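A.B. asks: Could you work out the structure for the sequence below:
(one chain, ligands or ions: 1)
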Amino acid sequence: MAQSDENLANLDLNGLRAEIDDIDQALQSLIIRRTKVVQAVGAYKDRVIAAGGKVKVPYRPAREARIMRTLVDRHNGAFPKTALIQIWREMIAAGTRLEAPYTVALCRNADGVDCWELARLNFGCLNEIVEFDTPREAFYALEEGRAAVGVFPKPELGEAQPWWTLLSDDSPVRIVSKLPFGGRPVGRGEQTEGFVLAAIELEESGDDRTLFIVSLPNEISMDTARKKIANGIDGSAILGFSADETGDRRFVLVDVPGFFCNRAEVFQRALTDQGLDPEDLSVVGAYGVPIPEDALS
Ligand SMILES: O=C(O)C(=O)C[C@]1(C(=O)O)C=C[C@@H](O)C=C1
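C.D. replies: Numbering: from 1, shown residues only. Below is the predicted model of the structure:
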């Protein structure tokens with residue numbers, strides 16, 4: 001029998017435990033019900049694929065971002081929001097696995113950093129995590145469908161052979177999410193950030209950032225490029241730059257506020273207005289802006 005908050009103080013230990021048992025039963029019934037609905041979503045997606053749709057990976061990070069933000073917004077009481085998110089992470093990850101098999105690809109950066117903890121927290125206790133020797137191998141696993149998602153360490157400015165140069169208009173693999181999204185692991189992995197890559201369509205979550213790669217002639221110094229990109233696109237940040245093999249141009253990974261899927265021309269125009277004259281510009285991803293730490297306390 002559900003007790004009022006005031007009445008809890010009058011219950012003995014058995015009474016309180018009986019109350020917890022009732023709540024657990026209600027929660028479990030809802031999990032069973034939610035799972036049936038997720039399986040119906042999986043069946044719906046199968047029908048779309050059978051009708052000629054392209055999407056084979058069930059992961060929908062924009063939808064997940066909306067769910068997590070709603071949870072945080074409507075929460076109250078003493079239960080920590082980060083732990084609340086983690087309960088949903090497990091539920092969503094386990095349910096996604098029922099929709100289609102799910103392997104998570106990992107790789108290390110040049111400093112040996114990987115995102116194992118972030119991957120385990122985000123994709124749950126059941127999904128297989130496979131560590132590849134190189135980012136290139138992890139990337140091919142995504143392209144070939146041997147892994148559904150990959151978690152790659154956040155790019156470092158100036159690193160040799162950055163993984164993000166594998167992204168292009170010719171590949172279905174995109175950056176689709178940023179981790180951690182809602183709360184950091186405590187201890188190991190606390191400082192790590194990463195991007196999730198998957199061969200899925202980009203979708204809007206309501207508060208997003210877009211990533212594009214632009215190729216610029218090498219005569220333009222990084223400082224000039226940085227200033228002009230900042231002047232041309234409000235709120236933009238350069239996440240990486242690299243020289244290509246021929247050495248006459250460099251690639252720059254730029255992170256900008258807003259959702260600009262399939263709208264590379266917007267950036268092309270902004271950079272041309274700054275006199276940068278980009279040779280090639282591709283939108284390579286978009287991600288829901290993670291929930292800020294202060295909204296989780
Ligand atoms: O909404 C969907 O597309 C689902 O597959 C359901 C669900 C969920 O459990 O809520 C599961 C996986 C997706 O990444 C997003 C949400």
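A.B. asks: Run through the residues of the protein sitting next to the ligand.
C.D. replies: Counting by CB under 6 Å from any ligand atom, the chain comes close to the ligand at Val38, Val41, Pro58, Tyr59, Arg60, Arg63, Glu64, Ile67, Ile92, Gly95, Thr96, Glu99. C-beta here means a position set from N, CA and C on the backbone, and glycine is covered the same way.
A.B. asks: wait, what's in contact with the residue lying closest to the last one once chain neighbours are set aside?
C.D. replies: Read that as Glu99. Excluding the flanking residues, the one nearest Glu99 by CB to CB, 6 or more residues apart in numbering is Gly42, at 3.3 Å. Residues in contact with Gly42 (CB atoms under 8 Å, 6 or more residues apart in numbering) are Pro58, Leu98, Glu99, Ala100.
A.B. asks: Count the neighbours of the last one for me.
C.D. replies: Spelled out, that is Ala100. The number of residues packed near Ala100 is 15, by other CB atoms under 10 Å.
A.B. asks: show me the residues around it that make contact.
C.D. replies: Residues in contact with Ala100 (CB under 8 Å, 6+ apart) are Gly42, Lys56, Val57, Pro58, Ala148.
A.B. asks: I'd assumed the first one was in a strand, is it?
C.D. replies: No: according to DSSP: H, G, I helix; E, B strand; the rest coil, Gly42 belongs to no strand; its state is helix.
A.B. asks: Next, Met91: phi, psi?
C.D. replies: Torsion angles at Met91 (phi, psi; degrees, to the nearest 10) stand at phi -60, psi -50.
A.B. asks: cool, and Thr210?
C.D. replies: Dihedral angles (degrees, to the nearest 10) for Thr210: phi -120, psi 150.
A.B. asks: Please apply the same query to Ser168.
C.D. replies: Main-chain torsions, Ser168, degrees, to the nearest 10: phi -160, psi 170.
A.B. asks: Check whether it really touches Gly285, as I assumed.
C.D. replies: No: under the criterion of CB atoms under 8 Å, Ser168 is not in contact with Gly285, lying 11.7 Å apart.
A.B. asks: more crowded one of these two?
C.D. replies: Between Ser168 and Gly285, counting by other CB under 10 Å, Gly285 is the more crowded of the two (26 against 11).
A.B. asks: Against Lys228, how distant is the more buried one?
C.D. replies: According to CB to CB, to the nearest Å, Gly285 stands 22 Å off from Lys228.
A.B. asks: coming back round to it: how close does the residue nearest to Glu99 get to Val57?
C.D. replies: For Gly42, the distance to Val57 equals 12 Å [CB to CB].
A.B. asks: picking up where we left off before, export the residues of the chain next to the ligand to CSV and append columns for neighbour count.
C.D. replies: Formatted as CSV, these follow (neighbours: other CB atoms under 10 Å):
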residue, neighbour count
Val38, 19
Val41, 16
Pro58, 20
Tyr59, 22
Arg60, 21
Arg63, 14
Glu64, 21
Ile67, 15
Ile92, 21
Gly95, 20
Thr96, 25
Glu99, 19
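A.B. asks: So which of those residues is the closest to Glu143?
C.D. replies: For the residues of the chain next to the ligand, the minimum distance to Glu143 (CB to CB) is 15.5 Å, reached by Tyr59.
A.B. asks: Could you measure from the closest one over to Met68?
C.D. replies: From Tyr59 to Met68 the distance is 14 Å (CB to CB).
A.B. asks: again with Ala93
C.D. replies: Noted for Ala93: a distance of 13 Å to Met68, by CB to CB.
A.B. asks: Return every residue with contacts to both of these two.
C.D. replies: With the criterion set as CB under 8 Å, 6+ apart, the contacts of Ala93 and Met68 do not overlap.
A.B. asks: okay, Asn109: pLDDT?
C.D. replies: Note for Asn109: predicted pLDDT of 92.
A.B. asks: CA atoms only: put the helix or strand bottoming out on mean pLDDT in the chain into CSV for me.
C.D. replies: Across the helices and strands of the chain, the lowest-confidence element by mean pLDDT, DSSP states H and E is strand 237-243, at a mean of 90. Extracted C-alpha coordinates of strand 237-243, given in CSV (Å, rounded to 0.1, in the frame of the first residue of the first chain):
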residue,chain,number,x,y,z
ALA,A,237,36.1,26.0,-31.9
ILE,A,238,38.9,24.4,-33.8
LEU,A,239,39.3,20.8,-32.5
GLY,A,240,42.1,19.6,-34.7
PHE,A,241,44.4,20.4,-37.7
SER,A,242,46.6,18.1,-39.8
ALA,A,243,48.8,18.2,-42.8
